[in-house]
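> based on what follows, work out the 3D shape:
(chains A and B)
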Amino acid sequence: GQQLNQSPQSMFIQEGEDVSMNCTSSSIFNTWLWYKQDPGEGPVLLIALYKAGELTSNGRLTAQFGITRKDSFLNISASIPSDVGIYFCAGYAGNNRKLIWGLGTSLAVNP
Amino acid sequence: DTEVTQTPKHLVMGMTNKKSLKCEQHMGHRAMYWYKQKAKKPPELMFVYSYEKLSINESVPSRFSPECPNSSLLNLHLHALQPEDSALYLCASSQRDRDSYEQYFGPGTRLTVT
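You can find the predicted model right below:
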């Protein structure tokens, strides 16, 4: 099925560094969702975006809905060890009632 | 409260067993979902229930049988599974099954088929 291009695939950073990841699509999206998943747990919704150009923050996390409606990015500022996990972007495109997922960005933080 | 609960947390079953996974939400959501997730991959949609009716079946084998007894509960009945069915099974819910609604996930059931 259709998937989003999510990059980078993995990141290894030092505690305190800022992180940036993004998702791109060839289709126009109506909604972008960013999830974080810890090993053996379900994905947890971090941020939801509904309008092109929208910039939304949740604590140290900031996400934006791209102006072209074909991309979104997630920034994490001042990373801490508990930020470790896999971050997935997901969204709804057109009239599709199913969430389309990126392949995930695996984040490791060195204390 | 955005909690979706799932039981059991872990399940080991043989290929001839019959078992069920359970999911519950009390957020008043009218859409509920079953996903299957393999390690380091995104969740794969299996079924969608909208207003307690099955609205999407992603060509899932009949050894997986979903059931929605009421608007808060979702079950997945398992029978004659194969070892390749071992995965994390996730339940999710949203207000409606439309693109303006966020999906909230439960913690998952780790299923091992022996």
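> what does chain A put close to chain B?
Within reach of chain B by CB under 8 Å from any CB of the partner chain, chain A has these residues: A:3, A:30-31, A:33, A:35, A:40-45, A:48, A:50, A:86, A:88, A:90, A:92, A:96-99, A:101-104, A:106. Just so you know, the C-beta spots here come from the backbone N, C-alpha and C atoms, and that holds for glycine as well.
> of the residues you listed, grab the buried ones for PyMOL.
Buried residues among these (16 or more other CB atoms under 10 Å in any protein chain shown), as a PyMOL selection:
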select buried, chain A and resi 30+31+33+35+42+43+45+48+86+88+90+92+98+99+101+102+103+104+106
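> now do the contacts for residue 18.
Assuming you mean chain A. A:N75, A:I76, A:S77, A:A78, A:S79 (CB atoms under 8 Å, 6 or more residues apart in numbering or on different chains).
> the chain in question should be chain B.
By CB under 8 Å, 6+ apart, the contact set of B:K18 is B:H77, B:L78, B:H79.
> one more: B:K9?
B:K9 touches B:P107, B:G108, B:T109, B:R110, counting by CB under 8 Å, 6+ apart.
> ok, 10 Å please
Residues near B:K9 by CB atoms under 10 Å, 6 or more residues apart in numbering or on different chains: A:G40, B:P107, B:G108, B:T109, B:R110.
> turn the contacts of A:D18 into a markdown table, columns for pLDDT and secondary structure.
Shown next, in a markdown table, are the contacts of A:D18 (pLDDT from 0 to 100; DSSP: H, G, I helix; E, B strand; the rest coil):
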| residue | pLDDT | secondary structure |
| --- | --- | --- |
| A:N75 | 98 | strand |
| A:I76 | 98 | strand |
| A:S77 | 98 | coil |
| A:A78 | 97 | coil |
| A:S79 | 97 | coil |
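> can you redo the residues you listed as JSON lines with distance to B:H29 and neighbour count?
Shown next, in JSON lines, are the contacts of A:D18 (distance: CB to CB, whole Å; neighbours: other CB atoms under 10 Å in any protein chain shown):
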{"residue": "A:N75", "distance to B:H29": "30", "neighbour count": "15"}
{"residue": "A:I76", "distance to B:H29": "28", "neighbour count": "24"}
{"residue": "A:S77", "distance to B:H29": "32", "neighbour count": "14"}
{"residue": "A:A78", "distance to B:H29": "34", "neighbour count": "11"}
{"residue": "A:S79", "distance to B:H29": "32", "neighbour count": "20"}
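> ok so, going back, among the contacts of B:K9, who's most crowded?
For those, the largest number of neighbours (other CB atoms under 10 Å in any protein chain shown) sits with B:G108, at 25 neighbours.
> before we move on, the earlier item: can you flag which of the contacts of B:K9 belong to strands?
Of the positions in those, B:T109, B:R110 sit in strands, assigned by DSSP state E.
> wait, A:Q9 touches A:T105, no?
Yes: using CB atoms under 10 Å, A:Q9 is in contact with A:T105, at 6.6 Å.
> the two - which one has more neighbours?
A direct count of neighbours by other CB under 10 Å for A:Q9 and A:T105 places A:T105 higher, at 23 against 12.
> OK, contacts around that one?
Residues counted as contacts of A:T105 (CB under 10 Å, 6+ apart) are A:6-11, A:19-23, A:36, A:74, A:85-89.
> can you rerun that using 8 Å?
Applying CB under 8 Å, 6+ apart to A:T105 gives the contacts A:Q6, A:S7, A:P8, A:Q9, A:S10, A:M11, A:M21, A:I86, A:Y87, A:F88.
> quick one: buried ones out of those?
Judged by 16+ other CB under 10 Å, buried ones among those: A:Q6, A:M11, A:M21, A:I86, A:Y87, A:F88.
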